[in-house]
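Asks: Quick one: sequence and predicted model below, then my questions.
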Amino acid sequence: MRLVLILTLIAACQLPPSTEEPSGAAPAATGPTGVEATTGADGPSASTGKKPKPTAPTGSTGTTGSTGTTASTGTTGPAPACDPKAFEIVGNGYDDDCDPATSDTAAPVCDPAPLAATTTAKDLARAMGLCADVTEASGKPGLISAELVGADGKALTLAKTQYGVLSDYGPNVTPRQSATMAALSSGVARDEKDSGWKSGSVNVGTTSAIPAVYENAHGGSLQTTADCETATDIHDSANLRLKLRVPANAKAISFRFKFYSAEWPEWLCSEYNDFFMALLDTKANALPADHNISFDALENPVSVNNAFFEVCEAGVGAGACPAGTTELTGTGIAGLSLDDGGGTRWLETTAPVVPGEVITLELMIWDTGDTNFDSIVLLDDFQWLTHGADVGTKPD
């Protein structure tokens, strides 16, 4: 009897263990291939040794910012809604303007032919990068109209050499955007290698009044550096007046310019003080009373007396001329000599605008006091900005 009991106990000990899980136990974790993985969230997988892909954190709204991904699940959400009244933002990966044909990887290019036999105001706008021609009734953003008029906005017949589309200004000054830039001059908008260039002063023979909005803000005078004088009679002006519809996703504008004058250095702080102005008409707040958005740190408009005059020969006139004469070479701004004439570096002007509004931007230059010793301004790289910007001008 005892022998039978002992044999029964031995047999029971040799049975294989049960393969069933205890009631309520969780199944073993498995990796992608079905093999058991570690249970630590950041620990390595038993099968591959790699960390498992992290999940997106859960936010209060379940979505992240501009990427359109869902934070709680990591799945891709819908792209932001497009708007046919918006402009295409290069590189953001979205169809901003509801037009799949608009490139998202490159800005539009619409360069006119440089120094063509016939150049229009719209050609100058295109040379600056304004490629979208629209009608005001369409409500779409872009260039509604472009005109060449006098400084006071009135009709004026300009000499054909007072404006032009340039591919360079001398060998060392090239466009800031694309292959061309616009040029306006109180004499000739050409450099010494171009057909139509003339050495010395050019008397176009036209006169204009001071722009009314500027004159009213300054009591009938032209603002200049303290302790300097300036005349008030304007000669040989050239004004590129642009009418534009602001895109629905734009809050500011910017453009670049470079001003040269043969008045430097002999006529510094004299009444013969040529000017460049950029007058903006917008509903945006913080616009100066005179509407001029291009000025230096002392709020002086751009002229020979301006603090930005740095392209010149040191020791010849006032100022240290930190930019030297490299960007004077080949320009012919004051004949063939580099010890006469000077200019600014490339400068950038910014100003706020209101999305969807129609604005007017007038870019103008003139001789002050007489018709001698001309000036020129190069204009390029007009941009719509999606962020706000203060009114002002700074070195590019």
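Replies: Happy to help now that I have it.
Asks: pLDDT below threshold where in this protein?
Replies: 1-77, 316-319 (pLDDT under 70).
Asks: quick one, domains of it?
Replies: Per automatic domain parsing, the structural domains of the chain span 79-108, 121-395.
Asks: Select, out of those, the one closest to Pro114.
Replies: domain 121-395 (4.3 Å; Cβ to Cβ). (Each C-beta comes from the backbone N, C-alpha and C, glycine too.)
Asks: sorry, back to before: ranking the domains of the chain by burial, who's on top?
Replies: Highest mean neighbour count among those (mean count of other Cβ atoms under 10 Å): domain 121-395, with a mean of 20.
Asks: related to what we said a few turns ago, let me have the domains of the chain in a markdown table, adding distance to Pro114 as columns.
Replies: Below are the domains of the chain laid out as a markdown table (distance: least, Cβ to Cβ, whole Å):
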| stretch | distance to Pro114 |
| --- | --- |
| domain 79-108 | 19 |
| domain 121-395 | 4 |
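Asks: Tell me which of those lies nearest to Leu115.
Replies: domain 121-395 (5.9 Å).
Asks: Look at that closest one and report the distance between its end residues.
Replies: Start-to-end span of domain 121-395 (Cα to Cα, to the nearest Å) is 26 Å.
Asks: gap between it and the chain center?
Replies: 16 Å (Cα atoms, centre = their mean, to the nearest Å).
Asks: Which strand or helix spans Val165?
Replies: strand 163-166 (DSSP states H and E).
Asks: swap in Asn216?
Replies: helix 212-217.
Asks: got a list of contacts for the helix or strand just after the strand holding Val165?
Replies: Next along the chain after strand 163-166, taking DSSP H and E as the criterion, comes strand 181-185. Strand 181-185 is contacted from outside by 124-125, 127-128, 161-166, 169, 175, 189-190, 238-240, 363-365, 374-380, using Cβ atoms under 8 Å, 6 or more residues apart in numbering.
Asks: what's the answer for stretch 381-396, then?
Replies: Outside stretch 381-396, the residues that touch it by Cβ under 8 Å, 6+ apart are 87, 89, 125, 128-130, 141, 175-177, 246-247, 249-256, 286-288, 293-296, 302, 308, 345-352.
Asks: Between the two ends of it, how far is it?
Replies: For stretch 381-396, the first-to-last residue distance is 11 Å (Cα to Cα).
Asks: what separates it from the chain centre, distance-wise?
Replies: Distance of stretch 381-396 from its chain centroid, counting by Cα atoms, centre = their mean, is 6 Å.
Asks: Tell me where the stretch 251-396 of the chain has strands.
Replies: Using DSSP state E, counting those that start in this stretch, the strands of the stretch 251-396 of the chain run over residues 252-261, 275-281, 302-303, 309-311, 333-336, 342-344, 347-352, 358-368, 375-385, 392-395.
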